[in-house]
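> Model the following, please.
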Amino acid sequence: MRTLIVDDQTLFGQSLKFLLEDLHPGMACETASTLAGAVAKPGPFDLILLDYSFPRESHSANGLERMRKAHTDATIVMVSGEDSPQLVHQLIARGAAGFVPKAVDVETLLHALRTILAGGIYVPTFALRYVPTHARTREHNAMAFVGEHADFQQSSPALADGPDSETGAPLRQLSKRQIDCLLMVAQGKSNRLIASELFLAESTVKTHVTAAFKILDVTTRAEAVFKAASLGLLPSSARQNSDY
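Numbers count the residues shown, from 1 in each chain. Predicted structure coming up:
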């Protein structure tokens with residue numbers, strides 16, 4: 001697994017590199033201290049850990065979009081000193097696969113990284129409790145996230161209330177194929193790529209993801225991420241192999 005750590009605090013970036021390589025020996029980590037340097041890095045990367053703020057660079061607020069455009073196949077997770085639930089929701093809606101605050105203790109950081117490496121999304125509890133005033137808007141619908149450039153990311157902070165609890169009831173309504181497709185769309189994969197990897201027709205993938213959105217009672221990408229996160233959604237293989 002190739003991972004790119006993008007942070008203007010060189011010491012933090014290097015420390016995270018050593019931590020990740022120790023956590024997951026099969027991981028090859030590279031670092032970049034600027035957005036421009038990260039964009040120029042030759043890919044592909046499987047995972048990108050991206051800081052939100054780059055004070056010395058113009059247009060740093062667009063770093064997530066720049067990274068998604070430069071490294072289209074990568075799962076991008078924000079690792080930031082910011083702790084605003086509004087910001088977390090905004091970044092998820094813009095295509096981030098998760099958010100890890102820099103201020104968390106080592107145990108929480110390791111849990112977050114294990115969740116991400118196991119194929120899930122880590123969303124901090126303070127962001128799960130926040131409900132944006134526009135959360136139920138219909139600016140985008142489920143169909144918008146099952147097209148060629150679908151950018152839904154997969155989810156799970158591995159909450160105590162897992163899929164077998166009462167709160168996880170919607171997950172039991174999802175078929176295995178619906179979950180497979182939902183989680184892969186969650187990684188930012190297009191219908192075409194999902195269809196290729198699962199040996200399905202693109203139209204079948206579209207049908208599965210649309211059905212999953214309906215079961216979860218969501219219509220936007222951000223809603224789906226936080227709903228799945230609150231339900232503790234993880235691929236079954238990740239639940240069986242989450243202790244690295």
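> Could you say which helix or strand holds the most centrally placed residue in the chain?
Centroid-nearest residue in the chain: A97, 1.6 Å away (criterion: CA atoms, centre = their mean). A97 is part of no helix or strand, with elements assigned from DSSP states H and E.
> phi, psi of it?
phi -90, psi 0 (degrees, to the nearest 10).
> Next: T31.
phi -130, psi 160.
> so who does it touch?
Neighbouring residues of T31 by CB atoms under 8 Å, 6 or more residues apart in numbering: 4-7, 10, 13-14, 17. All C-beta spots, glycine's among them, are computed from the backbone N, C-alpha and C.
> Just confirm the residue nearest to the centre of the chain contacts M67, I think it does.
No. At 11.3 Å, A97 does not count as touching M67 under the criterion of CB atoms under 8 Å.
> Burial check on A118, number of neighbours?
19 (other CB atoms under 10 Å).
> go on, Q14?
Quick note: Q14 (other CB under 10 Å) scores 15 neighbours.
> Checking my notes, it in a helix, right?
Yes. Counting by DSSP: H, G, I helix; E, B strand; the rest coil, Q14 falls inside a helix.
> Spit out the contact partners of it.
T31.
> what do you get for D22?
Contacts of D22 by CB under 8 Å, 6+ apart: none found.
> shared neighbours, A97 and M67?
I76.
> domains for this structure, by residue range?
2-128, 142-240 (automatic domain parsing).
> Please tell me how far A40 sits from S190.
24 Å (CB to CB, to the nearest Å).
> ok, now I116?
I116 sits at a distance of 21 Å from S190 (criterion: CB to CB).
> One more: Y122?
For Y122 relative to S190 (CB to CB), the value is 24 Å.
> and these two? which has more neighbours close in?
Y122 (24 against 20).
> Could you give the number of residues near the closest residue to that one other than its chain neighbours?
Excluding the flanking residues, the one nearest Y122 by CB to CB, 6 or more residues apart in numbering is A112, at 4.0 Å. When neighbours are counted by other CB under 10 Å, A112 registers 24.
> go on, L19?
16.
> same question, V39
Using other CB under 10 Å: V39 sits among 15 other residues.
> didn't it look like it was pressed against R66?
Yes. Applying CB under 8 Å, one finds V39 in contact with R66, separated by 5.7 Å.
> burial count for S33?
Count around S33 with other CB under 10 Å applied: 18.
> May I have stretch 69-88 as PDB, with CA atoms only?
The C-alpha trace of stretch 69-88 is given here as PDB (Å, rounded to 0.1, in the frame of the first residue of the first chain):
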ATOM      1  CA  LYS A  69      -7.800  15.800  -9.200                       C
ATOM      2  CA  ALA A  70      -4.100  14.900  -9.100                       C
ATOM      3  CA  HIS A  71      -4.500  11.500  -7.400                       C
ATOM      4  CA  THR A  72      -7.900  10.300  -8.600                       C
ATOM      5  CA  ASP A  73      -7.600   6.700  -7.300                       C
ATOM      6  CA  ALA A  74      -6.500   7.600  -3.700                       C
ATOM      7  CA  THR A  75      -8.600   7.500  -0.600                       C
ATOM      8  CA  ILE A  76      -8.000  10.900   1.100                       C
ATOM      9  CA  VAL A  77      -8.300  11.400   4.800                       C
ATOM     10  CA  MET A  78      -7.900  14.800   6.500                       C
ATOM     11  CA  VAL A  79      -5.600  15.000   9.500                       C
ATOM     12  CA  SER A  80      -6.000  18.400  11.000                       C
ATOM     13  CA  GLY A  81      -5.600  20.600  14.000                       C
ATOM     14  CA  GLU A  82      -9.100  22.000  13.400                       C
ATOM     15  CA  ASP A  83     -11.900  20.700  15.500                       C
ATOM     16  CA  SER A  84     -14.900  22.300  14.000                       C
ATOM     17  CA  PRO A  85     -17.800  19.800  13.300                       C
ATOM     18  CA  GLN A  86     -19.000  22.100  10.600                       C
ATOM     19  CA  LEU A  87     -15.600  21.800   8.900                       C
ATOM     20  CA  VAL A  88     -15.700  18.000   9.200                       C
END
